[in-house]
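Chemist: structure for the following, please:
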Amino acid sequence: MSKIGLFLSTFNPIHNGHMFVANKLKKEYGLDKILITPLNAIPNKFEELPSIKIRREMCRLTCEDYDNIMVYNTQHDSRLSCIFDILQELKIEFCNDDLYLIVEPDLFLSFDLWHKYEEIFDVAFVLSFAFSEYDYGLMKNKAEKFEKRVIIKMLEHNYISSECIRIKYAQGLKCSDYLDIKAEKYILNNNIYVSKDCLFKECFNASKNRLSSKRFNHCQMVAKAAKELAILYNEDEQKAEIAGILHDIVKEKDKKYLLYIMEEYGVNLSEIEKNTPQIWHSIAGALYCEKYLGIEDKHIINSIKYHTTASQDMTMFEKIIYMADCVSDDRKHEDVNIERELVKEDLDKALLFQLKKCITLLCDREVLIHPKTFECYNQLCQKNFR
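Modeler: Numbering: from 1, shown residues only. Model prediction:
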């Protein structure tokens, strides 16, 4: 009796992290063969997908140098809703063998939403993996609810996602460290992931995949306002639009996750910051965009970091994102129309007006105010006095 693994992902693109996982699990659990199967789409996940033919070819090229890891061309539609049918197909071919369904962390966390997910347990073991203690804890809790044949493995690896690789490509960056050399050559020769609007589309989808429709609509409105202000003040409109769409990307994550990101990358919160969790999404969001999504532009990263507190010596670009968040079309607060007029006339006056409102409101509530907010306010006041 053999052990056959079926590794599912969109593989968009397949990368060294995927192959590390396949090799590690193959050795750890004595799998005799791992079949790589690119999925056509994942429900509720927005992603620009090259054709299944292109992704299968990238997988084939990558798997060439690995023993008993190969592409499996199923006769069924490669959708998540057809996984049970694919496993049934495999069970016929490997009738005397054990099947192991290998799924990535985000797919496992939504496993109970899959078509015929309970029946999948009757056909195969479900094998998933995590790279952080945070994800591992979530996945173990989910696995306990199933009370079925589930294995969760904690792996040590500097894992990078396919999404991050696509975003790096869209920024004109090299990805040789993350991909098989033949697969990378195929990507470059066929101009995959490098279309003109690719970067914004990837960031748009990244935000949409992580936010509620209401919060995502707000981010769209901020992106629109940021683009308009960038044109008005001769800043990079594409970067402004990207910063706007990403600025609240971790806004709806729980506090434990935000603390995990900040601790993971060595952020030492001040006593005031520890006691003002409402600003954590700005600090963690900047880190998330840089470390998880691969955004390398410091203007974008810093504008996300300061879009809640503001800061001394803010650049024009950072002021644009801060104010775009205040005057976007979805905002209905008092004086918003005054701010919309001010921001077109003088960005500093608009920012000072908003900071005065913010500081007054926080004082009335008797809550802590971040020093950076005062520093920005004082600097703008000094500028007006000259």
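Chemist: just checking, what packs against the helix or strand that contains residue 209?
Modeler: With elements taken from DSSP states H and E, the one containing residue 209 is helix 198-210. Here helix 198-210 touches helix 162-170, helix 213-232, helix 237-246, going by 3 or more C-beta pairs under 8 Å, 6 or more residues apart in numbering; DSSP states H and E. From N, CA and C alone the C-beta is placed, and that goes for glycine too.
Chemist: how far does it sit from the chain's center?
Modeler: Distance, stretch centre to chain centre, for helix 198-210: 8 Å (C-alpha atoms, centre = their mean, to the nearest Å).
Chemist: try stretch 6-21
Modeler: Centroid separation for stretch 6-21 versus its chain: 17 Å, with C-alpha atoms, centre = their mean.
Chemist: for that stretch, what is the average pLDDT?
Modeler: On average, the pLDDT along stretch 6-21 is 96.
Chemist: what does stretch 232-239 contact?
Modeler: If you take C-beta atoms under 8 Å, 6 or more residues apart in numbering as the criterion, stretch 232-239 is touched by 199-200, 227, 229-231, 297, 299-300, 316-317, 320, 344, 347.
Chemist: now stretch 64-74
Modeler: Taking contacts as C-beta under 8 Å, 6+ apart, the residues outside stretch 64-74 that touch it are 6, 19, 22-23, 26, 32-38, 56, 59-60, 63, 86, 89-90, 180, 182.
Chemist: which of those count as buried?
Modeler: Among those, those classed as buried by 16 or more other C-beta atoms under 10 Å are 6, 19, 22, 26, 33-38, 56, 59-60, 63, 86, 90, 180.
Chemist: residues contacting residue 224?
Modeler: Listed by C-beta under 8 Å, 6+ apart, the contact set of residue 224 reads 241, 244, 328-329.
Chemist: point out where this structure drops to low pLDDT.
Modeler: Scanning the chain with the threshold set as pLDDT under 70 gives 76-77, 385-386.
Chemist: and the strands in it, which stretches?
Modeler: Here the chain has its strands, by DSSP state E, at 3-9, 33-38, 69-71, 98-103, 124-130, 150-154.
Chemist: residue 249: which of the ones you listed is closest?
Modeler: Distance to residue 249, taken as C-beta to C-beta, is lowest for strand 124-130 among these, at 20.9 Å.
Chemist: tell me the strands beside that closest one, with direction?
Modeler: strand 98-103 (parallel), strand 150-154 (parallel) (DSSP bridges).
Chemist: pick the most deeply packed of those strands.
Modeler: A comparison of the strands paired with strand 124-130 by mean neighbour count, using mean count of other C-beta atoms under 10 Å, puts strand 98-103 on top with a mean of 23.
Chemist: so what's the gap between it and the chain middle?
Modeler: With C-alpha atoms, centre = their mean, you get 26 Å for strand 98-103.
Chemist: mind checking the strands of the chain for the one nearest to residue 333?
Modeler: strand 124-130 (40.9 Å).
Chemist: between the closest one and strand 3-9, how many degrees?
Modeler: 50 degrees (axes from the mean of the first three to the mean of the last three C-alpha atoms, to 10 degrees).
Chemist: let me see the domain layout of the protein.
Modeler: Following automatic domain parsing, the chain resolves into domains at 3-189, 198-385.
Chemist: ok, back up a step: out of the contacts of stretch 232-239, name the two that are farthest from one another.
Modeler: 199 and 344 (27.3 Å).
Chemist: great, nothing more from me.
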